[in-house]
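Asker: Turn this into a structure:
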Amino acid sequence: MKTNGLLLIPVENQVRELDPKLLLACVAARRGFTSVLGSRREMEMGIDAFPRGIYLSKSMTVRSLLFFQIAHRLGHEIVTWDEEALVHLPPETYFSRRLHPRAIRFVSHLFAWGHANVDLWRQYPELPPETPIHPTGNPRGDLLRPELRNFYQEDAQEIATRYGKFILVNTNFNHINAFGDDLNLFQSVQKPGEPPKFGRAARGMNLAYAEGLRDHKTAVFEDFKRLIPELERAFPEHTVVIRPHPTEKHDAYRKLAADCRRVEVTNAGNVVPWLMAAQALIHNGCTTGVEAYVLGVPAISYRASIDETYDNGFYRLPNQISYQCFSFEELQSKLAQILNGAVGSADGDARKALIDRYLAGQDGPLACEQIVEQLEHIRAAMQTAPPPLTMAAVQRRVIAGALCLARWIQPKLPGSHNRPEFQRHRYPGIAMEAVMRKLKRFQDLLQDDLRLAVEPLSDVIFKVYPAGSNAAKRSA
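Answerer: Coordinates of the predicted model:
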């Protein structure tokens with residue numbers, strides 16, 4: 001079998017990213033690639049252990065810069081998509097928050113969610129003009145397509161059996177209800193009268209924008225905390241399932257659930273089977289509203305508090321393609337119509353045009369197939385180009401030692417993203433048998449009879465490659 005080399009695929013938020021990236025690895029294996037998947041932190045901290053390959057980054061922020069510099073020196077090709085570019089901040093704030101002028105210069109190719117994403121990146125004044133942008137769509141979109149959504153059919157049935165008829169409430173209050181106080185827009189004030197201090201969520205924002213977003217999200221958060229018990233009372237035949245954002249803490253929701261009889265809180269697994277099993281989705285500006293629309297699941301954006309600066313400038317896409325309700329009475333009426341079958345999911349030409357602009361790869365070749373096609377061209381260019389300057393052995397040892405020291409120090413720093421409890425929250429890990437079952441399910445849906453091999457490289461990183469390929473075995 002032709003071997004196309006090594007593809008490094010980091011995963012940050014396991015429940016959101018792992019399944020679509022497994023699909024990408026499955027498709028890549030058909031073209032001879034060996035893929036290494038797993039915890040982003042562990043992969044980046046151990047980058048010196050991998051031979052030269054293509055690193056598929058999920059962002060290009062200031063936090064990416066040092067890693068990009070090291071990976072580039074080690075000979076890796078860096079390509080990128082942005083997990084946050086589908087539902088994004090206004091351009092100027094998005095640029096300062098999600099793109100770094102030096103980091104982006106290490107990126108050889110960009111993969112866009114759709115044409116709106118292409119247009120957004122083309123506005124960035126620091127984008128190198130020669131950087132290709134491919135409007136391929138994203139592997140997360142592939143899992144919403146009719147031919148692949150059955151990947152979650154068994155999971156959706158288990159959810160339906162356990163919870164019965166339920167209303168799914170998806171939250172996105174990670175700006176003000178984050179897993180750690182330092183991850184919010186503003187950190188808690190320790191002393192009365194002390195000026196507020198930016199948290200990590202405010203990176204790239206000016207003070208006025210961050211304060212306004214905090215105030216708006218706080219108002220919406222309070223709306224949702226009032227909404228949940230009202231939903232339970234208004235629809236006694238349904239359970240209310242709260243699904244917090246992957247980086248939110250659950251305390252406030254568990255307190256609500258403790259005071260109710262039919263409210264559950266869970267962040268288990270990918271959101272797609274939960275949408276498939278739900279009777280309806282309620283959200284406010286959440287990417288899940290986009291996923292629900294594509295799946296044909298009725299979705300309501302609950303907008304009891306309004307600030308058009310943020311609702312239109314940040315959350316326009318998921319709000320516009322959902323039913324919008326501006327009071328509980330309006331929501332109750334619309335939800336009753338949905339639950340009794342009088343209306344289905346939101347539709348119309350305007351919504352279809354909007355989603356088509358933002359999300360490519362809804363038909364024709366999968367986004368994964370389009371991405372892998374480009375990766376083949378990149379790998380071919382790597383093979384024919386003059387070899388990169390070889391880093392001296394002593395330099396590699398210095399980098400390896402520095403990374404080892406960083407692995408030890410970073411989790412101990414105050415407010416670190418790398419503290420163990422937060423890493424376990426975002427990437428709890430997965431058994432190798434579960435990975436193999438997921439890959440087999442993808443292959444069955446793709447009618448792919450290629451035999452795959454899966455090997456653990458650590459407790460949070462594993463390798464997927466075409467079985468029997470000696471070159472693949474040597475590549476990682």
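
Asker: how far away is residue 453 from residue 368?
Answerer: Residue 453 sits 19 Å away from residue 368, going by Cβ to Cβ, to the nearest Å. C-betas here are computed from N, CA, C, even on glycine.

Asker: of those two, who's got more company?
Answerer: With neighbours defined as other Cβ atoms under 10 Å, residue 453 and residue 368 compare such that residue 368 has more, 27 against 16.

Asker: Give me the spatial nearest neighbour of that one, chain neighbours excluded.
Answerer: Nearest residue to residue 368 in three dimensions, chain neighbours excluded: residue 27, at 4.2 Å (Cβ to Cβ, 6 or more residues apart in numbering).

Asker: isn't the one you found right up against residue 372?
Answerer: Yes - under the criterion of Cβ atoms under 8 Å, residue 27 makes contact with residue 372 at 5.3 Å.

Asker: Where do the helices of the stretch 251-400 of the chain begin and end?
Answerer: Remark: helices assigned in the stretch 251-400 of the chain by DSSP state H, counting those that start in this stretch are 251-258, 271-277, 287-295, 308-311, 316-320, 328-339, 349-358, 367-384, 393-409.

Asker: just so I know, which of these lies nearest residue 49?
Answerer: helix 393-409 (8.1 Å; Cβ to Cβ).

Asker: Residue 27 and residue 372: which is more packed in?
Answerer: Applying other Cβ under 10 Å to residue 27 and residue 372 shows that residue 27 carries more neighbours, namely 26 against 23.

Asker: so the more buried one sits in a helix?
Answerer: Yes - counting by DSSP: H, G, I helix; E, B strand; the rest coil, residue 27 is located in a helix.

Asker: for it, what are its contacts?
Answerer: Neighbour list for residue 27: 366, 368, 369, 372, 446 [criterion: Cβ atoms under 8 Å, 6 or more residues apart in numbering].

Asker: need those residues in TSV with pLDDT and distance to residue 461, can you?
Answerer: Shown next, in TSV, are the contacts of residue 27 (pLDDT from 0 to 100; distance: Cβ to Cβ, whole Å):
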residue	pLDDT	distance to residue 461
366	98	25
368	98	20
369	98	25
372	97	21
446	96	24
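
Asker: what's the farthest-apart pair in those?
Answerer: Largest separation among the contacts of residue 27 by Cβ to Cβ: 372 and 446, giving 12.5 Å.

Asker: contacting residues around residue 112?
Answerer: 81, 85, 118, 121, 133, 134, 135, 136, 360.

Asker: and which of those residues is nearest to residue 174?
Answerer: When the contacts of residue 112 are compared against residue 174 (criterion: Cβ to Cβ), the nearest one is residue 85, at 16.8 Å.

Asker: so the closest one sits in a helix?
Answerer: No - Residue 85 sits outside any helix when classified using three-state DSSP, being coil.

Asker: Please name the nearest non-neighbouring residue to it.
Answerer: residue 117 (4.9 Å).

Asker: May I have the predicted confidence score for that neighbour?
Answerer: Looking at residue 117, its pLDDT reads 98.

Asker: Surely it forms part of a strand?
Answerer: No - with three-state DSSP as the criterion, residue 117 is helix rather than part of a strand.

Asker: what separates it from residue 231, distance-wise?
Answerer: 34 Å.

Asker: ditto for residue 248
Answerer: 19 Å.

Asker: quick one: buried residues of stretch 98-111?
Answerer: Residues 98, 99, 100, 103, 104, 105, 106, 107, 108, 109, 110, 111 are the ones in stretch 98-111 that count as buried (16 or more other Cβ atoms under 10 Å).

Asker: Please look at the fifth one and residue 129 and confirm they touch.
Answerer: Right, residue 104. No - the criterion here is Cβ under 8 Å, and residue 104 misses it with residue 129 at 11.8 Å.

Asker: hang on, residue 313 packs against residue 90?
Answerer: Yes - using Cβ under 8 Å, residue 313 makes contact with residue 90 at a distance of 4.4 Å.

Asker: out of those two, which sits in the busier spot?
Answerer: residue 313 (17 against 13).

Asker: tell me the contacts of the residue lying closest to residue 114 once chain neighbours are set aside?
Answerer: Nearest-residue entry for residue 114: residue 360, 4.3 Å, with adjacent residues in sequence omitted and distances by Cβ to Cβ, 6+ apart. Contact partners of residue 360, counting by Cβ under 8 Å, 6+ apart, are 112, 113, 114, 115, 135, 136, 137, 141, 367.

Asker: try 7 Å this time
Answerer: For residue 360, the contact set (Cβ atoms under 7 Å, 6 or more residues apart in numbering) comprises 113, 114, 115, 135, 136, 137.

Asker: Now the phi/psi pair for it, please.
Answerer: In terms of degrees, to the nearest 10, the main-chain angles of residue 360 are phi -80, psi 170.

Asker: Could you check how far it is from residue 138?
Answerer: 8 Å.

Asker: With residue 433 instead?
Answerer: 27 Å.

Asker: Looking at these two, which one has more neighbours?
Answerer: When residue 433 and residue 138 are compared for neighbours, residue 138 comes out ahead with 25 against 9, by other Cβ under 10 Å.

Asker: just to revisit the earlier point, narrow the contacts of residue 360 to those that are buried.
Answerer: With burial judged by 16+ other Cβ under 10 Å, the buried subset of the contacts of residue 360 is 113, 114, 135, 136, 137.

Asker: Which single one of those residues is nearest to residue 328?
Answerer: Of the buried ones among the contacts of residue 360, the one sitting nearest to residue 328 (Cβ to Cβ) turns out to be residue 113, at 33.0 Å.

Asker: The closest one: what's it in contact with?
Answerer: 85, 86, 137, 138, 358, 359, 360.

Asker: which residue packs closest to it, ignoring adjacent ones?
Answerer: residue 86 (4.7 Å).

Asker: what about that neighbour, how many neighbours?
Answerer: Residues near residue 86, counting by other Cβ under 10 Å, number 22.

Asker: So it is in contact with residue 289, correct?
Answerer: No - counting by Cβ atoms under 7 Å, residue 86 stays clear of residue 289, with 10.9 Å between them.

Asker: Could you dump the buried residues of stretch 98-111 into TSV with distance to residue 309 added?
Answerer: Output for the buried residues of stretch 98-111, formatted as TSV (distance: Cβ to Cβ, whole Å):
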residue	distance to residue 309
98	19
99	21
100	25
103	28
104	27
105	32
106	33
107	31
108	36
109	34
110	28
111	30
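
Asker: quick check, nearest of the residues you listed to residue 70?
Answerer: After measuring these against residue 70 - Cβ to Cβ - the closest member comes out as residue 106, at 10.1 Å.

Asker: Return the residues in contact with the closest residue in space to that closest one that isn't next to it in sequence.
Answerer: Spatially, and ignoring its direct neighbours in sequence, residue 106 is nearest to residue 68 (4.0 Å; Cβ to Cβ, 6+ apart). By Cβ under 7 Å, 6+ apart, the contact list for residue 68 reads 78, 103, 106.
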